[in-house]
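> model this:
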Amino acid sequence: MAIDEKALDKDQPSVANSLNNLAALYCAQGKYEKAEPLCQRSLAIGEKALGEDHPATKRIRANFEWLLAEKAAADK
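This next block holds a predicted model:
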């Protein structure tokens, strides 16, 4: 991710993809507090760079919703 951000503009879709993948890993490990800001940033980049209806943005949004559901279930 750091390489992507240095080599590319930090608002590129590939950076959003790296952020999304890292967030998914943190979520799978139960590290929701680390995952959530990454998901938020990934979604913001996707919406800005690709638009809200782009398949990649929709995938990022779905992953963010999954994270929120997992976090809510863990809080119960």
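
> what does the helix or strand containing Ile45 contact?
Taking DSSP states H and E as the definition, one finds Ile45 inside helix 32-50. For helix 32-50, contacts defined as C-beta atoms under 8 Å, 6 or more residues apart in numbering pick out 11-13, 15-17, 19-20, 22-24, 26-27, 54, 56-57, 60-61, 63-64, 67-68, 70-71, 74. Bear in mind the C-beta positions are built from the backbone N, C-alpha and C, glycine included.

> state which helix of this structure is the longest.
In the chain, with assignment by DSSP state H, the single longest helix is helix 55-75.

> now the residue nearest to Lys71 when sequence neighbours are not counted: how far from His54?
With C-beta to C-beta, 6 or more residues apart in numbering as the criterion, Lys71 has its nearest non-adjacent residue at 4.1 Å, and that residue is Tyr32. Remark: distance between Tyr32 and His54 (C-beta to C-beta, to the nearest Å) = 26 Å.

> and these two? Which one has more around it.
Tyr32 (18 against 14; other C-beta atoms under 10 Å).
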